[in-house]
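Undergrad: I would like to see how this sequence folds:
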Amino acid sequence: MSSVRQIGIRVYIAGMTLAGAGCLAFALAHWRSTDVARFILYMAVAVLASSFKISIPGVEGTMSMSFLLTLLCILELGLP
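TA: Got it, this is the predicted structure:
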């Protein structure tokens with residue numbers, strides 16, 4: 001692999017990391033929760049469920065249970 005391409009890859013990864021860190025910092029600065037106990041409970045269940053995989057009939061591959069719990073949490077708690 002050429003050195004120019006390696007530098008480009010490193011710049012891209014660094015840019016994405018900085019953008020992600022900026023989004024995380026912004027989100028944490030403006031975070032609020034009306035029901036902290038429910039948030040902590042859902043977080044604990046999602047961490048435990050992240051190791052489980054389910055298979056969907058007619059679809060090759062698996063899906064993580066934490067995906068379903070994340071959707072449920074957004075529905076129950078709201079996006080913030």
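
Undergrad: for the closest residue to Ser50 other than its chain neighbours, helix, strand, or coil?
TA: Closest residue to Ser50 apart from its sequence neighbours, by CB to CB, 6 or more residues apart in numbering: Ser66 at 4.1 Å. For glycine as for every other residue, the C-beta is placed from the backbone atoms N, C-alpha and C. For Ser66, the assignment made with DSSP: H, G, I helix; E, B strand; the rest coil gives helix.

Undergrad: verify the contact between Ser66 and Ala49 for me.
TA: Yes. Assessed by CB atoms under 8 Å, Ser66 is found in contact with Ala49 at 5.2 Å.

Undergrad: tell me the average confidence for stretch 3-23?
TA: Average pLDDT, stretch 3-23: 93.

Undergrad: kindly report the same for stretch 27-46.
TA: For stretch 27-46, mean pLDDT is 82.

Undergrad: residues of that stretch that come out buried?
TA: Across stretch 27-46, burial judged by 16 or more other CB atoms under 10 Å covers Tyr42, Ala46.

Undergrad: check the offset of the longest helix seen in the chain from the chain's centre.
TA: Among the segments of the chain that qualify as a helix by DSSP state H, the longest is helix 3-29. For helix 3-29, the separation from the chain centroid amounts to 16 Å (computed by CA atoms, centre = their mean, to the nearest Å).

Undergrad: likewise stretch 38-58?
TA: On the basis of CA atoms, centre = their mean, stretch 38-58 is displaced by 12 Å from the centre of the chain it belongs to.

Undergrad: per-domain residue ranges of the protein.
TA: Domain assignment for the chain by automatic domain parsing gives 1-31, 32-80.

Undergrad: deepest of these, which one?
TA: domain 32-80 (a mean of 12; mean count of other CB atoms under 10 Å).

Undergrad: for the helix or strand containing Leu41, give me every contacting residue.
TA: Applying DSSP states H and E as the criterion places Leu41 in helix 36-49. Contacts with helix 36-49, where a contact means CB atoms under 8 Å, 6 or more residues apart in numbering, come from Ser33, Ser64, Met65, Ser66, Leu69, Thr70, Leu72, Cys73, Glu76, Leu77.
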